[in-house]
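Chemist: Predicted structure and sequence below. I'll ask about it afterward.
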Amino acid sequence: MSEVSVGEVAALLRERGPALVLTGAGISTESGIPDYRGPDGNRRVTPMSHQEFTATSAARQRYWARSFIGWQRFTAAEPNAGHFAVAALQRAGAFGPIITQNVDGLHQSAGATDVIELHGNLAEVVCLTCEERVDRDLVQAYMHDANPEFASLALGLVGDGSRVSSQIRPDGDIVLDDEAVQSFIAPRCLVCREDTLKPDVVFFGGSVPKPRVEQCFALTDAAPVLVVLGSSLKVMSGYRFVRRAAAHGIPVVVVTKGPTRAEAETTHRIDAPLGVTLSALAEVTLPRVMAGSD
């Protein structure tokens with residue numbers, strides 16, 4: 001692996017053709033959505049796992065109470081310079097399909113197309129009992145009606161800051177003391193009336209649907225270059241595509257801040273913030289296209 005310049009990455013893209021892009025939480029941090037890991041790559045917070053969510057009604061109540069408040073802030077997030085640069089590079093043919101590990105929809109909001117959401121999207125909710133699907137905004141409205149005073153109550157418990165945090169997480173929930181959720185009325189499925197509604201995303205410990213994985217493997221096998229943006233690749237869910245690309249002799253470009261799991265597979269590396277770096281890449285690769293303009 002070698003540390004390279006933006007100009008060298010631009011030259012590789014011009015030479016090899018449209019790259020397959022794999023993005024992680026790091027590309028959305030400049031939009032106000034923090035990732036789970038600090039600069040050293042170690043996890044700062046532990047998200048709710050699939051096993052925990054499905055195990056008890058109390059766990060689901062806790063998730064939905066936190067998510068009810070977090071959703072209002074999560075949906076206020078807007079694409080940043082990195083998202084706009086990716087979309088501009090895609091429109092110009094330097095980037096091809098995008099595999100994102102994020103569930104925030106910000107790539108699409110910035111104008112990107114052909115986006116495969118590896119872990120799903122928070123905008124849809126599914127019932128684990130009867131498989132009924134519903135828009136998240138409808139679930140949010142239901143929770144608002146069922147818990148008219150909860151948001152102000154929870155925020156009123158801030159006190160010394162230990163009960164509720166203003167920081168949202170990548171999966172849209174928020175840090176909230178257990179005491180604050182005891183009165184929260186969790187949503188139920190309108191069809192089967194069970195309390196097994198779950199955002200249609202892959203929680204930690206869950207599995208990405210096999211057809212989606214196979215689609216991403218096929219894209220990886222056909223890619224002239226794989227560009228990884230804003231991911232430490234600590235989770236096998238995304239790392240497997242880097243391993244696949246390296247095994248096929250496909251160049252792997254990693255642009256992220258801090259260490260990654262894929263040091264051995266990386267051929268080109270830029271350790272730098274995403275927004276400014278991708279904007280510079282767009283300007284170098286596309287002299288007449290500024291990231292975010294159209």
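Modeler: Nice, I can see it.
Chemist: Name all residues that make contact with the residue nearest to E194 when sequence neighbours are not counted.
Modeler: The shortest distance from E194 to any residue other than its chain neighbours is 4.3 Å, reached at T129 (Cβ to Cβ, 6 or more residues apart in numbering). Quick note: C-beta positions are derived from backbone N, CA and C, even for glycine. With contact set as Cβ atoms under 8 Å, 6 or more residues apart in numbering, T129 has these partners: 189, 192, 194, 196.
Chemist: tally of neighbours for G238?
Modeler: 24 (other Cβ atoms under 10 Å).
Chemist: Look at it and tell me its secondary structure.
Modeler: Under DSSP: H, G, I helix; E, B strand; the rest coil, G238 falls in the helix class.
Chemist: Going by neighbour count, which residues of stretch 122-133 are buried?
Modeler: For stretch 122-133, the buried set under the neighbour-count rule, 16 or more other Cβ atoms under 10 Å, comprises 122-123, 125-128.
Chemist: That one spans what distance, first to last residue?
Modeler: Chord length of stretch 122-133, first to last residue, is 12 Å (Cα to Cα, to the nearest Å).
Chemist: next one: stretch 21-34
Modeler: First-to-last residue span, stretch 21-34, Cα to Cα: 20 Å.
Chemist: chain center to that stretch: distance?
Modeler: Counting by Cα atoms, centre = their mean, to the nearest Å, stretch 21-34 is centred 6 Å from the centre of its parent chain.
Chemist: now do stretch 201-219
Modeler: Here the centre of stretch 201-219 is set off from its chain's centre by 14 Å, with Cα atoms, centre = their mean.
Chemist: quick one: contacts of it?
Modeler: Here stretch 201-219 has contacts from 20, 47-51, 53, 97, 99, 103, 116, 118-122, 171, 237, 241, 244, using Cβ under 8 Å, 6+ apart.
Chemist: Look up how far Q51 lies from the residue nearest in space to the middle of the chain.
Modeler: With distances taken as Cα atoms, centre = their mean, N102 lies nearest the centre of the chain, 1.4 Å away. As judged by Cβ to Cβ, to the nearest Å, N102 and Q51 stand 22 Å apart.
Chemist: tell me the contacts of the residue nearest to the centre of the chain?
Modeler: By Cβ under 8 Å, 6+ apart, the contact list for N102 reads 23-25, 27-28, 117, 119, 170.
Chemist: One more pass at 6 Å, please.
Modeler: By Cβ atoms under 6 Å, 6 or more residues apart in numbering, the contact set of N102 is S28.
Chemist: Give me the phi and psi for it.
Modeler: Backbone geometry at N102, expressed as degrees, to the nearest 10, gives phi -90, psi 160.
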